[in-house]
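Q: Sequence and predicted structure, then a few things I'm wondering about:
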Amino acid sequence: MIRIESDPWAAMVAHAREAYPNECCGAMLGVIEGDKTVRVSMPLENAYAGAQATRYELRPEDLLAADKAAREHHMDLIGIYHSHPDCDAYFSKTDLQNSCPWYSFVVLSIQQGEFHHANSWLPNFDQTEAAKEELIY
Ligand SMILES: [Zn+2]
């Protein structure tokens, strides 16, 4: 289970709405004590060079910086979030290919510029499928 506190959740939704009609992406920082709790969200730049309406890309150095920031605040990098403009919060084949099995992947569905729903996904180690994780926000 992953729980996102209200401040990071509001920031993630705001980020996803701002980026619309493009995809946004960012890091989720927090603590893992049995369950995962996201305390801080960190917006990161969508570095994808093509059409960003259907794709996002994270720079490895941005992820490393997020990981470092988490550790400086005695937290962990728990996962990655990104948005799906005018699309359901499913985990696409591309999302799977670009995933890492040790993170939670939260997808926010933004429909016509407004938040619609969200899901969290846990990719398996082969990156062939992702299981839905209980998400509380
Ligand atoms: Zn996606």
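A: Thanks, I have the structure now.
Q: got the residue ranges for the strands in the protein?
A: 2-4, 25-33, 35-44, 76-85, 104-111, 114-123, 130-133, 135-136 (DSSP state E).
Q: got CSV for the ones you listed, with distance to the ion and mean neighbour count too?
A: Any C-beta I mention is one placed from the backbone N, CA and C, and that applies to glycine too. Conversion of the strands of the chain to CSV gives the following (distance: least, Cβ to the ion, whole Å; neighbours: other Cβ atoms under 10 Å):
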stretch, distance to the ion, mean neighbour count
strand 2-4, 17, 21
strand 25-33, 9, 21
strand 35-44, 14, 20
strand 76-85, 5, 24
strand 104-111, 6, 22
strand 114-123, 9, 18
strand 130-133, 11, 15
strand 135-136, 15, 16
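Q: now these as a markdown table including mean pLDDT?
A: Listed next are the strands of the chain as a markdown table, based on pLDDT from 0 to 100:
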| stretch | mean pLDDT |
| --- | --- |
| strand 2-4 | 98 |
| strand 25-33 | 97 |
| strand 35-44 | 98 |
| strand 76-85 | 98 |
| strand 104-111 | 98 |
| strand 114-123 | 98 |
| strand 130-133 | 97 |
| strand 135-136 | 98 |
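Q: Relative to Glu61, which of those strands is closest?
A: strand 35-44 (10.3 Å; Cβ to Cβ).
Q: got the angle between the closest one and strand 114-123?
A: If you take axes from the mean of the first three to the mean of the last three Cα atoms, to 10 degrees, strand 35-44 sits at 120 degrees to strand 114-123.
Q: Please shift the residue numbers so they start at 8 in all later answers.
A: Sure thing, new numbering starts at 8, so read that last one as strand 42-51.
Q: counting contacts, what elements does strand 42-51 pack onto?
A: Contacts defined by 3 or more Cβ pairs under 8 Å, 6 or more residues apart in numbering; DSSP states H and E place strand 42-51 against strand 9-11, helix 13-26, strand 32-40, helix 67-79, strand 83-92.
Q: now do 10 Å
A: When contacts are defined as 3 or more Cβ pairs under 10 Å, 6 or more residues apart in numbering; DSSP states H and E, strand 42-51 packs onto strand 9-11, helix 13-26, strand 32-40, helix 67-79, strand 83-92, strand 111-118, strand 142-143.
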